[in-house]
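Peer 1: Kindly return the folded structure for what I paste below:
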Amino acid sequence: MSEPKQVVIVEIPYASGVVHLRYGRYLSADGRRWVRHGPYQEFYEDGTVASAGQYEDGLAQGHWRDYHENGQLAAEGYFVDGAEDGVWQFWTAKGKEEETVIYRDGVEIES
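Peer 2: Residues are numbered from 1 along each chain as shown. Prediction:
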């Protein structure tokens with residue numbers, strides 16, 4: 001049985017000191033690299049959320065949302081093992097529905 005992962009939350013700032021990225025990570029078993037794991041958030045420099053989702057053992061997983069700088073939802077969909085999968089919806093910065101795209105294993109199969 002392997003030891004439980006010790007996940008730590010890190011914050012990577014812009015040059016201004018404002019948080020740019022916040023995510024969980026753990027050190028790989030061989031101690032050579034950090035692996036993203038847990039909640040992930042990216043921010044615009046004004047503090048508005050740019051992207052939010054989840055990582056599992058280094059791969060984007062589950063429900064993700066991206067936002068325009070004005071806070072309006074820009075895209076929403078799901079990742080499975082690091083690749084877009086299923087329906088992704090996209091909107092303009094004014095909230096108008098732009099397009100719907102269907103992915104399977106990261107490949108666009110219908111729009």
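
Peer 1: got a list of contacts for the lowest-mean-pLDDT helix or strand in the chain?
Peer 2: In the chain, no helix or strand scores lower on mean pLDDT, DSSP states H and E than strand 107-110, which sits at a mean of 92. With CB atoms under 8 Å, 6 or more residues apart in numbering as the contact definition, strand 107-110 has outside contacts at 83, 101-103. (Glycine included, C-beta is placed from N, CA and C.)

Peer 1: Please identify the buried residues of that strand?
Peer 2: Buried residues in strand 107-110, defined by neighbour count with 16 or more other CB atoms under 10 Å: none.

Peer 1: So which residues of this protein form strands?
Peer 2: With DSSP state E as the definition, the chain shows strands at residue ranges 8-13, 19-27, 34-43, 49-56, 59-60, 62-67, 73-80, 83-84, 86-91, 97-104, 107-110.

Peer 1: Mean pLDDT lowest where, among those strands?
Peer 2: Looking over the strands of the chain, mean pLDDT reaches its minimum on strand 107-110, with a mean of 92.

Peer 1: Sheet-wise, list the partners of that strand with their directions.
Peer 2: When pairing is defined by DSSP bridges, strand 107-110 lines up against strand 97-104 (antiparallel).

Peer 1: could you check the angle strand 86-91 makes with the partner strand?
Peer 2: Relative orientation of strand 97-104 versus strand 86-91 (axes from the mean of the first three to the mean of the last three CA atoms, to 10 degrees): 160 degrees.

Peer 1: quick one on the thing from earlier: drop anything exposed from the contacts of strand 107-110.
Peer 2: For those, a neighbour count by 16+ other CB under 10 Å gives the buried set as 101, 103.

Peer 1: From the contacts of strand 107-110, pick the one nearest Glu69.
Peer 2: Taking CB to CB as the measure, Glu69 sits nearest to Val101 out of the contacts of strand 107-110, at 22.0 Å.

Peer 1: ok, the closest one to Glu108 distance?
Peer 2: Here the criterion is CB to CB, to the nearest Å. By it, Val101 lies 6 Å from Glu108.

Peer 1: Isn't Arg25 up against Val10?
Peer 2: Yes. If you go by CB atoms under 8 Å, Arg25 and Val10 touch, sitting 6.1 Å apart.
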